[in-house]
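Engineer: Curious how this folds, go ahead:
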Amino acid sequence: MPRDRWLIELLGEHQVFTTEQVAALCFDHLHTARNRLVLLNQRGILARFRDGVRPGSQQWRWTLDLIGLAYLAARADQPAPKPATVRQRVNRLATSPKLGHLLGVNGFFVDLAAHARTTPGAELSVWWSERTCRTVTGELVRPDGHGVWTEHGTTVSFWLEWDQGTEQAHRVASKLDGYADLHRATGLNHLVLVWAPTPARETSLRSRLARHPAVASGTLTVATGAGGTTEHPAGPVWAPATGTGDRVRLARLATHRAG
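Structural biologist: Now for the predicted structure:
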């Protein structure tokens, strides 16, 4: 099915989704998504895993299995992967300490894509993984993702920094050095979005980000948002780092773009 191929390609780029993320991306009902995912798993196209906890208390995580990876390899005119290699890949992903971060980043973009599905005039036309970002940014900076969002004729391009609150605020702010270097080297004028886990963390980060020379001088446009809200990231959740703190929709950040 075309939807299955699209999902395989998305997983080839973004590695892993939860059941609810897949449902939000391309199904109208969670039950339908579950049934289709189980079928794709039974046919060796998708693999699934979750922590060893009480059954039903954690969503399945879905990634590509042997046939799904072989499909992508054939499309790229590459050798098919070996079963043992695929199993090692799934096991590494399931036990990776970065899994929560990866699911969080993917969830951010899934929320945008899901909103676009039901909102006329909205579109997430570009969604890059960290790996694809590095083909453009090299060693200058390591964004967690890149997106191009359009709503009602207004388009914004952005880099995403998904903050988990595990780094000191000054270390997060220091990442703007790399974005400033990238801006000077390439002329790319993308927004830098910093998503914090809590409002308190966001407040701490904003004060640091606003004082960064590249932000204060207008070289970079940085905006912050935080978890703990029912609003999706396309909505009025973004506060420009040098602004008054008023929240605007993602598309409205285009009016705050630096020169």
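Engineer: Wait, Gln164 touches Pro197, no?
Structural biologist: Yes - counting by CB atoms under 8 Å, Gln164 touches Pro197, with 6.0 Å between them. Every residue, glycine included, has its C-beta placed from N, CA and C.
Engineer: Between these two, which has more neighbouring residues?
Structural biologist: Set Gln164 next to Pro197 and count neighbours by other CB atoms under 10 Å: Pro197 wins out with 16 against 12.
Engineer: tell me the contacts of that one?
Structural biologist: Taking CB atoms under 8 Å, 6 or more residues apart in numbering, we find Pro197 in contact with Asp163, Gln164, Gly165, Ala226, Gly227, Gly228.
Engineer: what about the strands in the stretch 101-250 of the chain?
Structural biologist: 122-128, 145-151, 154-162, 191-196, 222-226, 239-240 (DSSP state E, counting those that start in this stretch).
Engineer: Tell me where the stretch 1-150 of the chain is predicted with low confidence.
Structural biologist: Applying pLDDT under 70 to the stretch 1-150 of the chain picks out residues 52-57.
Engineer: which residues sit against stretch 177-186?
Structural biologist: For stretch 177-186, contacts defined as CB under 8 Å, 6+ apart pick out 136-137, 140-142, 159, 188-189, 192, 213-214, 219-220.
Engineer: Go through these and name the one nearest Arg48.
Structural biologist: Of all the contacts of stretch 177-186, Arg48 sits closest to Arg142, with 28.5 Å by CB to CB.
Engineer: Which strands or helices does the lengthiest helix in the chain pack on?
Structural biologist: In the chain, with assignment by DSSP state H, the single longest helix is helix 99-117. Contact partners of helix 99-117 among helices and strands, from 3 or more CB pairs under 8 Å, 6 or more residues apart in numbering; DSSP states H and E: helix 2-14, strand 17-18, helix 19-26, strand 122-128, strand 145-151, strand 154-162.
Engineer: among these, which is nearest Ala254?
Structural biologist: Smallest distance to Ala254 across the helices and strands packed on helix 99-117 (CB to CB): 4.9 Å, for strand 154-162.
Engineer: by contact count, what packs against the closest one?
Structural biologist: Short answer (3+ CB pairs under 8 Å, 6+ apart): strand 154-162 packs on helix 99-117, strand 145-151, strand 191-196.
Engineer: Might you list the low-confidence residue ranges for the stretch 151-259 of the chain?
Structural biologist: The stretch 151-259 of the chain contains residues with pLDDT under 70 at 257-259.
Engineer: In this structure His152 contacts Gly121, no?
Structural biologist: Yes - counting by CB under 8 Å, His152 touches Gly121, with 4.6 Å between them.
Engineer: What distance do you get for Glu151 to Ala122?
Structural biologist: Glu151 is 5 Å from Ala122, where distance means CB to CB, to the nearest Å.
Engineer: higher neighbour count, the two?
Structural biologist: Glu151 (22 against 18).
Engineer: Pull the contacting residues for the more buried one.
Structural biologist: The neighbours of Glu151, taking CB under 8 Å, 6+ apart as the test, are Thr119, Gly121, Ala122, Glu123, Ala234, Arg249, Leu250, Ala251.
Engineer: Which of these sits closest to Pro79?
Structural biologist: Nearest to Pro79 among the contacts of Glu151, counting by CB to CB, is Glu123 at 35.7 Å.
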